[in-house]
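J.: Fold the stuff below for me.
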Amino acid sequence: MKAILFLILSIVFMNSCELENTLNYPNFDNLDFLKDSSPIEDSILEQFNGIYNITSEKNIFGKIAVIKASSNYLSFFCEANGSYIIVKGGIKDSLLKFEGYWRLSATTNTGKFTFEIPFSSLLSNFKNGKLDSNFTFVGFASTPNGKEEKFTFTFNKSINNSSKHLLIIAHRGGGRNSDYLPYSENSIELMKYSNLLGANSIEIDVQNSKDNIPFIYHDSFFSTRLIRGEFLVGSTSNFTLNQIKTFGMLKYGEKIPTLDEALRAVVFETSLELVWVDCKTSSVVKGTVEIINKYTNIADDIGRKVQICLGIPSDEVFSQFKLIENYKNINSICELSVDKVLDINSIAFGPSWTIGLLKNESEVIRKNDKQLFVWTLDEGLFIDKYLKSGLYDGIVTNYPSVVAFYYYTKYDN
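T.: Numbers count the residues shown, from 1 in each chain. Presented below is the predicted three-dimensional model:
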């Protein structure tokens, strides 16, 4: 009895700690610094795109940052500590104003970040289609001790259009719950946010409900690791979609999405280039293929360029996929072997990074006009190594901001 009580108390304690460590992110719809400002046109924000030098007395961000514009936001992917900054822009009285937050990945270190510059300063330094080295601005980051640190950003060079485009594929829609992102893993909200974190593609996980409706969820069972809801516990296949929607929600309160809802959001509300739909069980293959086909056709009809691919992580899923009519015409990513990639005409081979660099396999892949992806790379040392090899077309990561920094500063040339 004491052992059972100890286990219950331990679970409660762990869950309470996790909730206490959840970070408070700014409400981008109600920012004091941007009060009464108007949205900034994308063409103006895109002038900030580039690689910048950073100077500061206490530089937690390192010496270099990549700045990328995205729909009224700027994202800074910085050199040190897996750090990044995301700010929303507004224009008021000829001032370009920005407010948001800074974050050190894999930690709970975060704080407010603001800066402003005269619109005329940006225009006067933008010549011949790019900024010049005289363009400088100063940002202010609040710290946990209540102080405010000053950071100077000086334009260094433009981001090049690389001859080898890299797919930066955010794991679980953008990252894991354990990374304390603004939204839950595998939520629609995180998928729509992933571009600001550095991703241009996502990997999501699909399970099958009791009534055979594919929904987005990683584990094969419901638990407090991923959801809220005391009545939704046990195998995911034991619950109908109505029960799932009624009795549970994701960790930070979002609705548990169906695959249909997720792909609709991706196609109509993001600019993501690829979606890797990882089938966690063979029972979900048929329904997943039907929905992938539906949104592939919708995307084609509206001129939206996005590849939606069925992920094949196991022999069971592979065998079930081969029972689908015209399976060779369905976009898929196979993790199993090069031979199986060719057998089912997958667009890509997607193995784990733990089996090492695959030079020989890469030659076969290239010869057959396929792509090579790798999962899941999170450490800078390994990200650098895999990028340096020049073998890979895509990297799955929990830290797209880190991959983005390495790619744009070292290999996008």
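
J.: got a list of what the nearest residue to residue 181 once chain neighbours are set aside touches?
T.: Nearest residue to residue 181 in three dimensions, chain neighbours excluded: residue 175, at 4.9 Å (C-beta to C-beta, 6 or more residues apart in numbering). Heads up, the C-betas are built off the backbone N, CA and C, glycines and all. With contacts defined as C-beta atoms under 8 Å, 6 or more residues apart in numbering, the neighbours of residue 175 are 181, 185, 190, 197, 398-400.

J.: ok, so of those residues, who is nearest residue 365?
T.: Distance to residue 365, by C-beta to C-beta, is smallest for residue 400 among the contacts of residue 175, at 23.2 Å.

J.: Isn't the closest one up against residue 167?
T.: No - taking contacts as C-beta atoms under 8 Å, residue 400 lies outside contact range of residue 167: 10.5 Å.

J.: Quick check on these two: which one has the bigger neighbour count.
T.: residue 400 (30 against 22; other C-beta atoms under 10 Å).

J.: For burial, what's the neighbour tally of residue 129?
T.: 7.

J.: quick one: it from residue 117, how far?
T.: 20 Å (C-beta to C-beta, to the nearest Å).

J.: Also residue 375?
T.: From residue 375 to residue 117 the distance is 39 Å (C-beta to C-beta).

J.: the more surrounded of the two?
T.: residue 375 (23 against 18).

J.: Using the three-state scheme, assign the nearest residue to that one once chain neighbours are set aside.
T.: Nearest residue to residue 375, sequence neighbours excluded (C-beta to C-beta, 6+ apart): residue 396, at 3.5 Å. Using DSSP: H, G, I helix; E, B strand; the rest coil, the structure places residue 396 in strand.

J.: Point to the helix or strand of this structure where mean pLDDT is at its lowest.
T.: helix 2-20 (a mean of 39; mean pLDDT, DSSP states H and E).

J.: list the helices and strands the very next helix or strand once past that helix packs on?
T.: Remark: after helix 2-20, the chain's next helix or strand is helix 42-45, criterion DSSP states H and E. The helices and strands touching helix 42-45, judged by 3 or more C-beta pairs under 8 Å, 6 or more residues apart in numbering; DSSP states H and E, are strand 64-70.

J.: How far off centre is the strand it packs on?
T.: Distance of strand 64-70 from its chain centroid, counting by C-alpha atoms, centre = their mean, to the nearest Å, is 15 Å.

J.: again with stretch 234-243
T.: For stretch 234-243, the distance to the chain centre is 27 Å (C-alpha atoms, centre = their mean).

J.: go on, stretch 300-313?
T.: 17 Å.

J.: And for stretch 108-127?
T.: For stretch 108-127, the distance to the chain centre is 24 Å (C-alpha atoms, centre = their mean).

J.: Also stretch 391-400?
T.: For stretch 391-400, the distance to the chain centre is 10 Å (C-alpha atoms, centre = their mean).

J.: Tell me how many other residues crowd residue 50.
T.: 19.

J.: how much space between it and residue 274?
T.: Where residue 274 is concerned, residue 50 sits at a distance of 25 Å (C-beta to C-beta).

J.: do residue 45 as well
T.: Taking C-beta to C-beta, one finds residue 45 at 24 Å from residue 274.

J.: Then residue 387?
T.: In terms of C-beta to C-beta, residue 387 sits 18 Å off from residue 274.

J.: just residue 320 next, same as before
T.: For residue 320, the distance to residue 274 - C-beta to C-beta - is 22 Å.

J.: tell me which element residue 386 is part of?
T.: Assigned by DSSP H and E, residue 386 falls in helix 380-389.

J.: Just the CA trace of that helix, in CSV.
T.: What follows is helix 380-389, C-alpha atoms only, in CSV (Å, rounded to 0.1, in the frame of the first residue of the first chain):
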residue,chain,number,x,y,z
GLY,A,380,25.1,21.4,-32.9
LEU,A,381,28.2,19.1,-33.3
PHE,A,382,26.1,16.5,-35.2
ILE,A,383,24.1,19.1,-37.1
ASP,A,384,27.3,20.6,-38.4
LYS,A,385,28.7,17.2,-39.3
TYR,A,386,25.7,16.1,-41.3
LEU,A,387,25.4,19.4,-43.1
LYS,A,388,29.1,19.4,-43.9
SER,A,389,28.8,16.0,-45.5
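
J.: Identify all contacting residues around it.
T.: 82, 166, 353, 357, 359, 374, 377, 392, 395, 397, 402-403, 406-407, 410-411.

J.: Drop anything exposed from those residues.
T.: Using 16 or more other C-beta atoms under 10 Å as the burial test, those include 82, 166, 353, 374, 377, 392, 395, 397, 402-403, 406-407 as buried.

J.: how about these in CSV, adding secondary structure and pLDDT?
T.: Output for the buried ones among the contacts of helix 380-389, formatted as CSV (DSSP: H, G, I helix; E, B strand; the rest coil; pLDDT from 0 to 100):
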residue, secondary structure, pLDDT
82, coil, 93
166, coil, 96
353, helix, 96
374, strand, 98
377, coil, 97
392, coil, 97
395, strand, 98
397, strand, 98
402, helix, 97
403, helix, 97
406, helix, 96
407, helix, 96
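
J.: which of residue 320 and residue 274 has more neighbours?
T.: The neighbour comparison of residue 320 against residue 274 (other C-beta under 10 Å) goes to residue 274, with 26 against 20.

J.: nearest residue to that one other than its sequence neighbours?
T.: For residue 274, ignoring the flanking residues on the chain, the nearest one in space by C-beta to C-beta, 6+ apart is residue 201 at 3.9 Å.

J.: For beta bridges, what are the partners of residue 151?
T.: residue 139 (DSSP bridges).
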